[in-house]
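Trainee: Need coordinates for the below:
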Amino acid sequence: MDFDEFKRKMLVSFRLDLNSYKETQLKRRLDGLLVRQKINSYQELFQNLTNDRMAYQTFLDHLTINVTEFFRDPHRWLDLEKKILPEILSQKGTIKVWSAACSIGAEPYSLAIILDEMSPGRAHRLDATDIDKTILDTALVGKYGQDAVRNVSKERLGKYFNVQGASYLINESIKKKVSFKRHDLLADNYGTGYDLIVCRNVTIYFTRDAQDKINKGFSQSLNPGGYLFIGGSEMIFNYNELGMEKVFPCFYRKKK
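Mentor: I've put the predicted structure just below:
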């Protein structure tokens with residue numbers, strides 16, 4: 001079984017579209033996995049994934065890039081806090097937010113902290129999704145090392161986290177504000193009615209066609225006037241075609 005046949009079988013058997021990933025990066029990661037697990041071929045890898053659900057979960061863990069932290073790129077989060085959210089909250093009592101490809105939960109919990117500070121007592125809806133169930137289980141625990149909270153202020157650490165040795169556990173009051181579930185950006189349907197979608201440093205690993213598909217889905221999911229918040233290394237070139245406008249670095253607004 002060659003690489004192309006492996007991708008075809010993964011799509012049929014697991015609904016996992018590996019053709020949407022940039023091929024050079026994908027092949028390098030998978031070849032590294034073969035060496036690390038002492039697997040001799042893509043045929044053997046596919047059989048392992050088919051026969052062992054945990055092997056498939058390990059495969060997903062390796063495939064997805066789960067590098068994240070609270071308030072990653074602090075200047076952009078300050079834009080969100082000082083410019084974007086005040087506008088949205090001034091128009092609505094409660095808002096609907098989606099943290100897509102949320103990884104270990106630092107991003108949606110960052111959103112929950114800001115919303116708690118800006119609008120205490122309001123019951124906003126905060127959906128968080130990822131393709132990787134193991135990562136979602138980690139997010140539900142809400143336990144983080146020092147690197148993950150390095151951009152969290154001393155005041156926020158004291159208010160929203162409990163220290164356990166060298167770890168920081170997010171408060172239950174914040175955990176309860178976030179709803180986690182599994183979602184594949186390339187295969188599953190998108191929700192609607194969102195005022196803010198946050199998906200950062202994810203689409204850079206996908207092909208241009210896959211990026212366009214995802215960004216189109218995000219645009220359709222947003223309410224008119226809603227915002228999409230992407231990563232600093234990402235850019236949407238065809239935002240006009242998608243019915244959006246660029247308002248700040250990393251922020252696009254759906255036209256009304």
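Trainee: Can you name the residues that contact the closest residue in space to Lys177 that isn't next to it in sequence?
Mentor: If the residues on either side of it in the chain are set aside, Lys177 comes closest to Ala112, at 4.2 Å by C-beta to C-beta, 6 or more residues apart in numbering. Bear in mind the C-beta positions are built from the backbone N, C-alpha and C, glycine included. Ala112 makes contacts with 126, 174, 177-178, as judged by C-beta atoms under 8 Å, 6 or more residues apart in numbering.
Trainee: Narrow those residues to those in strands?
Mentor: 126, 178 (DSSP state E).
Trainee: Neighbour-wise, give me the winner out of the contacts of Ala112.
Mentor: Comparing these by number of neighbours (other C-beta atoms under 10 Å), Val178 comes first, having 23 neighbours.
Trainee: my guess is that residue contacts Ala128, does it?
Mentor: Yes - in this structure, Val178 is within contact of Ala128 by C-beta atoms under 8 Å, at 5.3 Å.
Trainee: overlap in contacts of those two?
Mentor: Counting by C-beta under 8 Å, 6+ apart, the residues touching both Val178 and Ala128 are 99, 105, 108.
Trainee: Give the residue spans of the stretch 1-150 of the chain that score low on pLDDT.
Mentor: Along the stretch 1-150 of the chain, segments meeting pLDDT under 70 span 64-67.
Trainee: show me where it has strands.
Mentor: In the stretch 1-150 of the chain, the strands defined using DSSP state E, counting those that start in this stretch lie at 96-99, 125-130, 143-144.
Trainee: ok so, going back, go through the contacts of Ala112 and say which is closest to Phe70.
Mentor: Ile174 (11.0 Å; C-beta to C-beta).
Trainee: picking up where we left off before, any chance of a markdown table for the strands of the stretch 1-150 of the chain, columns distance to Leu30?
Mentor: Output for these, formatted as a markdown table (distance: least, C-beta to C-beta, whole Å):
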| stretch | distance to Leu30 |
| --- | --- |
| strand 96-99 | 27 |
| strand 125-130 | 20 |
| strand 143-144 | 29 |
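Trainee: just to revisit the earlier point, can you name the two of the contacts of Ala112 that sit furthest apart?
Mentor: Between all members of those, the farthest pair (by C-beta to C-beta) comes out as Leu126 and Ile174, at 9.9 Å.
Trainee: Make sure Lys181 is indeed in a helix.
Mentor: No - Lys181 sits outside any helix when classified using DSSP: H, G, I helix; E, B strand; the rest coil, being strand.
Trainee: burial of it, as a residue count?
Mentor: Counted with other C-beta under 10 Å, the neighbours of Lys181 add up to 10.
Trainee: Test my guess that it contacts Thr129.
Mentor: Yes - applying C-beta under 8 Å, one finds Lys181 in contact with Thr129, separated by 5.7 Å.
Trainee: longest strand of the protein?
Mentor: The chain, longest strand under DSSP E: strand 222-229.
Trainee: Could you point out the helix or strand that follows it?
Mentor: Next helix or strand after strand 222-229 toward the C-terminus (DSSP states H and E): strand 244-248.
Trainee: partners of the helix or strand that that following strand is followed by in the sheet?
Mentor: The helix or strand immediately downstream of strand 244-248 is strand 251-254, counting by DSSP H and E. Sheet pairing for strand 251-254, assigned by DSSP bridges, gives strand 222-229 (antiparallel), strand 244-248 (antiparallel).
Trainee: Which one of the ones you listed lies nearest to Ala166?
Mentor: When these are compared by C-beta to C-beta, strand 222-229 sits nearest Ala166, at 30.3 Å.
Trainee: got the buried residues for the closest one?
Mentor: Using 16 or more other C-beta atoms under 10 Å as the test for burial, strand 222-229 gives 222-223, 226-229.
Trainee: export it as CSV, just CAs?
Mentor: What follows is strand 222-229, C-alpha atoms only, in CSV (Å, rounded to 0.1, in the frame of the first residue of the first chain):
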residue,chain,number,x,y,z
LEU,A,222,-21.4,33.7,11.7
ASN,A,223,-24.2,36.1,12.3
PRO,A,224,-24.0,39.3,10.2
GLY,A,225,-21.5,41.5,12.0
GLY,A,226,-19.9,38.5,13.7
TYR,A,227,-16.1,38.1,13.9
LEU,A,228,-13.6,35.4,13.0
PHE,A,229,-10.4,35.4,15.0
